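Novice: Provide a 3D model corresponding to the input given below.
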Amino acid sequence: MSYQAGEELDKGTLRSVLTQYEEEPLPVNIIHMEGRRVNAKTRRFIDLAVQTLKQNPFIIS
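Specialist: Okay, the predicted model is just below:
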């Protein structure tokens, strides 16, 4: 979960320990029912989540 603490790790205010036990990064997926019209709140959430995740420099894509 380095994306949550990436800035602090870069600044040196946090230090990684037990790095040999870190898991490989997993992809982030946003899933919704296909074939149905997505309501405006759900569509807005999906759009905001995608935008926010893409802007985070600590998420490996």
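
Novice: hey, let's count contacts and neighbours off CA atoms from now on
Specialist: Noted.

Novice: and the strands in the protein?
Specialist: For the chain, no strands turn up when DSSP state E is the criterion.

Novice: tell me which stretches of it form helices.
Specialist: Ranges of helices in the chain, per DSSP state H, are 2-11, 40-55.

Novice: check those for me: which has the lowest mean pLDDT.
Specialist: Mean pLDDT is lowest for helix 2-11 among those, at a mean of 84.

Novice: show me which positions of that one end up buried.
Specialist: The neighbour-count check on helix 2-11 (16 or more other Cα atoms under 10 Å) flags residue 6 as buried.

Novice: of all the helices of the chain, which one is nearest residue 24?
Specialist: helix 2-11 (11.1 Å; Cα to Cα).

Novice: which residues are contacting that closest one?
Specialist: Residues from elsewhere that reach helix 2-11 (Cα atoms under 8 Å, 6 or more residues apart in numbering): 14, 15, 16, 56, 57, 58, 59.

Novice: out of those residues, which are buried?
Specialist: Among those, those classed as buried by 16+ other Cα under 10 Å are residue 59.

Novice: any chance of JSON lines for the contacts of helix 2-11, columns pLDDT and distance to residue 36?
Specialist: Listed next are these as JSON lines, based on pLDDT from 0 to 100; distance: Cα to Cα, whole Å:
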{"residue": "14", "pLDDT": "91", "distance to residue 36": "45"}
{"residue": "15", "pLDDT": "91", "distance to residue 36": "46"}
{"residue": "16", "pLDDT": "87", "distance to residue 36": "44"}
{"residue": "56", "pLDDT": "84", "distance to residue 36": "30"}
{"residue": "57", "pLDDT": "84", "distance to residue 36": "33"}
{"residue": "58", "pLDDT": "82", "distance to residue 36": "33"}
{"residue": "59", "pLDDT": "80", "distance to residue 36": "30"}
